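Colleague: Structure of the sequence below:
(one chain, ligands or ions: 1)
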Amino acid sequence: MSSPEKQPEMLSFLRARKPALLRLLKRFVRCESPTGSKAAVDTFGRMIAAEWRKRGAAVEFLRRKEAGDHLRVTWPKKHVRSNQNPGRSNQILVLGHLDTVYETGAIKKTPFRVRLGRAFGPGVFDMKGGLAMALLAADALAHAGRLPRRRIVFLWTSDEETGSKSSREAIEHEARRSAAVLVLEPANGPEGQLKTRRKATGTAELVITGRAAHAGLDPGTGVNAVHELALQAVRLMRLNNPRRGITVNPTIAQGGTRSNVIPAGARLTIDLRAEKLADMRRIERKLKALRPILPGASIALEGGFSRPPLERRASAALFSHARELAERLEFSVGECLAGGGSDGNFTAALGVPTLDGLGAVGEGAHSPNEQVIVSALPERAALLAALLATL
Ligand SMILES: [Zn+2]
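Modeller: Just a heads-up that it's a prediction; the model follows:
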């Protein structure tokens, strides 16, 4: 790792650029990009692409039909020709997403605004703040003459908020040829903790089939699917072990057709989370082993865990390096466990060192109150720049 002596210089450069950063953020937030609208996400993607091209980066669109296009940005330009070199030590991957959870028009109800040191707006925290920070971090590195030794690939994807179905392959492909992965998801809490652990997450559906019958005339000939659902829900609750970070929660129950009919069908949605890979596997085995309880009922399980956990062994070394860099910038960063997943879960599961939560500091993600702390934007951008310069 090269010496970080220019860090304070980069921080003062970034603090001076705060108005430019806010202007960029305002444009990004106003360009709404809900996951479900390909046209909107693509428009926002082109806006980001133009910013990177201004900085001399090579931008590639990974075209998708069903989702927005993903953006693969290689910077600095001197590394573009080495794009084909698969050497793992030669590349750092920075992950972020273009999409937000807000429907088009949300900006009218909660317009972008800056008040009392906070910037508000849909997606400002998750994670347009992170996207703006990355651009300013590149500016700071160029200004300080600290262009990274390694090729930096920024992969800005279009469907993180709905599970990364169209981007997972590209994320894993780039991660496999990277020495480290930095994820610009929001930091945690007002202190801006980095996310060194994330739970495995997933959703399962238990589809229950019984037999319909008249509830008054011949209830005995029916098999009550809602009764089976209730018994299964009780059994599923026993899989919980909060001390080990395992939660299994039936969250949506549906069943039956009419008040006087023994229900022939029911459906149970189950939220799944686990802190350790071994626990995730164990829960998967137990779910597979579920059998019907009532005579005559049948069950089928669909779905399951979709993101493996980010375990601390994947993030520990990067975190202690980041903490040292932050100290030189005269702020401190802590760490935390996040109950939700991100694309960092995929890369950590491949054994690639991954540090998450390197984006904006704020609160209210996925809510009308979404906001970032303005003074933290240059600080976190300086930390990102320092990581890119020294990894
Ligand atoms: Zn996010």
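Colleague: So for the residue of the chain found nearest the ion, what's the pLDDT?
Modeller: Here the chain gets closest to the ion at one residue, residue 126, 4.2 Å apart by C-beta to the ion. C-beta coordinates here come from the backbone N, C-alpha and C atoms, glycine included. Looking at residue 126, its pLDDT reads 96.
Colleague: and the closest residue in space to it that isn't next to it in sequence, helix, strand or coil?
Modeller: Excluding the flanking residues, the one nearest residue 126 by C-beta to C-beta, 6 or more residues apart in numbering is residue 365, at 4.1 Å. Under DSSP: H, G, I helix; E, B strand; the rest coil, residue 365 falls in the coil class.
Colleague: How many residues are close by residue 365?
Modeller: 19 (other C-beta atoms under 10 Å).
Colleague: before we move on, back to that, the residue of the chain closest to the ion contacts residue 100, doesn't it?
Modeller: Yes. Between residue 126 and residue 100 there is a contact under C-beta atoms under 8 Å: 7.0 Å.
Colleague: Number of residues surrounding the residue of the chain closest to the ion?
Modeller: 27.
Colleague: Which secondary structure state does residue 56 sit in?
Modeller: coil.
Colleague: Quick one: residues contacting it.
Modeller: Counting by C-beta atoms under 8 Å, 6 or more residues apart in numbering, residue 56 touches 75-77.
Colleague: taking the residues you listed one by one, which sit in strands?
Modeller: residue 75 (DSSP state E).
Colleague: and the contacts of residue 56, which are buried?
Modeller: Buried by 16 or more other C-beta atoms under 10 Å: 75-76, out of these.
Colleague: For residue 309, state which of the contacts of residue 56 is nearest.
Modeller: The nearest member of the contacts of residue 56 to residue 309, counting by C-beta to C-beta, is residue 75 at 30.4 Å.
Colleague: how close does residue 315 sit to residue 99?
Modeller: Distance, residue 315 to residue 99, using C-beta to C-beta, to the nearest Å: 24 Å.
Colleague: which of the contacts of residue 56 lies closest to residue 281?
Modeller: So of the contacts of residue 56, ranked by how close each gets to residue 281 (C-beta to C-beta), first place is residue 75, at 38.3 Å.
Colleague: Can you list phi and psi of the nearest residue to that closest one once chain neighbours are set aside for me?
Modeller: In this structure, residue 75 finds its nearest non-sequential neighbour in residue 57, 3.9 Å apart by C-beta to C-beta, 6+ apart. Residue 57 adopts backbone torsions of phi -80, psi 160, taken as degrees, to the nearest 10.
Colleague: and stretch 356-364, C-alpha only, in PDB?
Modeller: The C-alpha trace of stretch 356-364 is given here as PDB (Å, rounded to 0.1, in the frame of the first residue of the first chain):
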ATOM      1  CA  ASP A 356     -19.800  -2.300   2.500                       C
ATOM      2  CA  GLY A 357     -21.500   0.900   3.800                       C
ATOM      3  CA  LEU A 358     -18.900   3.200   2.200                       C
ATOM      4  CA  GLY A 359     -21.600   5.500   0.800                       C
ATOM      5  CA  ALA A 360     -23.400   8.400   2.300                       C
ATOM      6  CA  VAL A 361     -24.100   9.000   6.000                       C
ATOM      7  CA  GLY A 362     -27.800   9.800   6.800                       C
ATOM      8  CA  GLU A 363     -31.100   8.100   7.600                       C
ATOM      9  CA  GLY A 364     -34.500   7.200   6.400                       C
END
